[in-house]
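Undergrad: Got a predicted structure here, sequence first:
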Amino acid sequence: MHTVLLVPVPLLEPWVRERWEHYAPTWVSRDPSFTHAHVTVLAPWAAEPSADDLAAVAKIAAAAAPFEFMLSTVEAFADGLLHLVPAPAAPFAALTAALWARFPEHPPYAGAFPDPVPHLTLDQASAAVSAASVRASLGTLLPATCRAERLELHRYDEGDCRVLARWPLGGPLSGRA
């Protein structure tokens, strides 16, 4: 089990959810508010966040204004992870930096990548899957003009993926889902 602080991307949810159903059906959430399509801002995060932890996230979310971003180009990391990079990426990087500064015990991706790149995961390259085939499958969904309006805390556990809390960007400090 792990938790993730993220910005949901509802526009791409049907496509991304279908990929989850294909590869890992026991990890598909039954929570209707859960968004498989997202840009991670900090993961893994606290397995059991305290009230003080949640209040700190609420303050960070409230200090960040909502913003628009575009998703248009399917790219691949060196390990073959196919993804979309949001443009601009800076607001996501700023959220990651603020959260990491507040929670240094939870570095992005457990410290595996020294300079984490904001992205929306799409698929994994293989003999049958390429950036071109994923781009073709996305069809008219791209380019996607999106708006980051909230930060969410998701719990990932096989058979039990769900939203634990959400905070509006630039909004009030409440946070329960």
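TA: Okay, I see it.

Undergrad: Residue 40 should be in a strand, yeah?
TA: Yes - membership of residue 40 in a strand is supported by DSSP: H, G, I helix; E, B strand; the rest coil.

Undergrad: Across the sheet, point out what pairs with it.
TA: Beta bridges link residue 40 to residue 6, judged by DSSP bridges.

Undergrad: any idea where the helices of this protein begin and end?
TA: Taking DSSP state H as the criterion, the chain carries its helices at 13-23, 51-63, 90-102, 131-138.

Undergrad: Dump those helices to CSV, plus mean neighbour count.
TA: For glycine as for every other residue, the C-beta is placed from the backbone atoms N, C-alpha and C. Conversion of the helices of the chain to CSV gives the following (neighbours: other Cβ atoms under 10 Å):
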stretch, mean neighbour count
helix 13-23, 15
helix 51-63, 17
helix 90-102, 18
helix 131-138, 15
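
Undergrad: want to try TSV for those, with mean pLDDT and distance to residue 125 as columns?
TA: Formatted as TSV, those follow (pLDDT from 0 to 100; distance: least, Cβ to Cβ, whole Å):
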stretch	mean pLDDT	distance to residue 125
helix 13-23	95	13
helix 51-63	97	33
helix 90-102	98	23
helix 131-138	97	7
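
Undergrad: To residue 111, which of these lies closest?
TA: Nearest to residue 111 among those is helix 90-102 (10.2 Å), distances taken as Cβ to Cβ.

Undergrad: elements contacting that closest one?
TA: Here helix 90-102 touches strand 2-8, strand 38-45, helix 51-63, strand 67-71, going by 3 or more Cβ pairs under 8 Å, 6 or more residues apart in numbering; DSSP states H and E.

Undergrad: In contact with residue 36, which residues?
TA: 13, 16-17, 20, 28-29 (Cβ atoms under 8 Å, 6 or more residues apart in numbering).

Undergrad: any idea which of these is the one closest to residue 156?
TA: For the contacts of residue 36, the nearest to residue 156 is residue 29 (8.8 Å; Cβ to Cβ).

Undergrad: wait, that closest one sits on residue 159?
TA: No - taking Cβ atoms under 8 Å as the definition, residue 29 is not a contact partner of residue 159, at 9.7 Å.

Undergrad: the more surrounded of these two?
TA: Each of residue 29 and residue 159 has its neighbours counted (other Cβ atoms under 10 Å); residue 29 has more, 19 against 9.

Undergrad: sorry, back to before: what's the overlap in contacts for residue 29 and residue 159?
TA: By Cβ under 8 Å, 6+ apart, no residue touches both residue 29 and residue 159.

Undergrad: for the chain, what are the low-confidence residue spans?
TA: By pLDDT under 70, the weakly predicted segments of the chain are 173-177.
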